[in-house]
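Undergrad: Here's my sequence, what's the structure:
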Amino acid sequence: MSSSRLAGHPIESLFLDRWSPRSFLPESMPQSDLETVLEAARWAPSAFNIQPWHFLYAHRDSAHWQPFVSLLDEFNRLWAADASVLVLLLSDSVMPGEGGRPDRISTLNSFDAGAAWVQLALQATALGYHAHAMAGIDRDRVRRILAVPDRFKVEIAIALGRRGPVERLAEPLRAREAASGRRPLAEIATPGMFPSERVA
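TA: Residues are numbered from 1 along each chain as shown. Model (predicted):
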């Protein structure tokens, strides 16, 4: 995959190899592989080392599978039902107090959870899997069905598995099954003041 995506500067090929396909092979993932993927996420950096993330998961051959699939929106169910594992990423919106400092609402829990997602996705890629994050989920039902406490924000769902052939997808999705490019570095990183040309 890295041969079809070219970096503008030297980077590890893992960053180019990670992308978000929708075609997955409907096969099981060993629990040990899932634990390696989640272990990488566990070591993500976080503000004050709070580690606000929490992962709920279901293997496709487990009793949790169909309830998890039912939490996806209709579009995502079309393809993500073939994944090996579905993961729901939550983040704790309350920063616990320490010493004399009381608990307070966090403003960085989603940012930190995003760092955990990236590490999960890169570790999955390193193992030969792919990860696809999905915003299209029914968050109210996630809370109700999975008993998620109010203080935890439901961030995203993640489909994990081995990539399948594009023919497994419904016709409208096949043309979109390709690794996407990125804006040039000079467009997104500039010295000093915010560039006025980026404001439409």
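
Undergrad: Have a look at the protein and report its longest strand.
TA: Identified as the longest strand of the chain according to DSSP state E is strand 152-161.

Undergrad: Given it, what are its sheet partners and their directions?
TA: strand 85-92 (antiparallel), strand 130-134 (antiparallel) (DSSP bridges).

Undergrad: Contacts for the shortest one, please.
TA: Outside strand 130-134, the residues that touch it by CB atoms under 8 Å, 6 or more residues apart in numbering are 18-22, 24, 37, 72, 76, 80, 83, 89, 117, 120-121, 124-125, 156-163. C-beta coordinates here come from the backbone N, C-alpha and C atoms, glycine included.

Undergrad: quick one on the thing from earlier: mean neighbour count added to the strands paired with strand 152-161, as a markdown table?
TA: Converted to a markdown table, the strands paired with strand 152-161 look like this (neighbours: other CB atoms under 10 Å):
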| stretch | mean neighbour count |
| --- | --- |
| strand 85-92 | 24 |
| strand 130-134 | 22 |
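
Undergrad: looking at these, which is closest to residue 56?
TA: Closest approach to residue 56 among the strands paired with strand 152-161 (CB to CB): strand 85-92, 4.5 Å.

Undergrad: circling back to that earlier point, what's the first helix or strand after the longest strand of the chain?
TA: helix 171-174 (DSSP states H and E).

Undergrad: Just give me the residue closest to the centre of this protein.
TA: residue 133 (3.8 Å; CA atoms, centre = their mean).

Undergrad: What confidence value was assigned to that one?
TA: Listed pLDDT for residue 133 reads 98.

Undergrad: With residue 188 instead?
TA: According to the model, residue 188 scores 95 on pLDDT.

Undergrad: what do you get for residue 1?
TA: Reported pLDDT for residue 1: 47.

Undergrad: one step back: want to throw the strands paired with strand 152-161 into JSON lines with distance to residue 29?
TA: As requested, those are arranged in JSON lines below (distance: least, CB to CB, whole Å):
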{"stretch": "strand 85-92", "distance to residue 29": "5"}
{"stretch": "strand 130-134", "distance to residue 29": "11"}
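
Undergrad: Distance-wise, check residue 111 relative to residue 49.
TA: 14 Å (CB to CB, to the nearest Å).

Undergrad: So between the two, which is more surrounded?
TA: residue 111 (13 against 7; other CB atoms under 10 Å).

Undergrad: Shouldn't that one be within a strand?
TA: No. Read with DSSP: H, G, I helix; E, B strand; the rest coil, residue 111 is helix and lies in no strand.

Undergrad: what sits against residue 184?
TA: Counted by CB under 8 Å, 6+ apart, residue 184 has contacts residue 8.

Undergrad: quick one, phi psi at the residue of the chain most remote from its centre?
TA: Residue farthest from the centre of the chain, counting by CA atoms, centre = their mean, is residue 100 at 35.3 Å. Backbone torsions for residue 100, taken as degrees, to the nearest 10, come to phi -90, psi 0.
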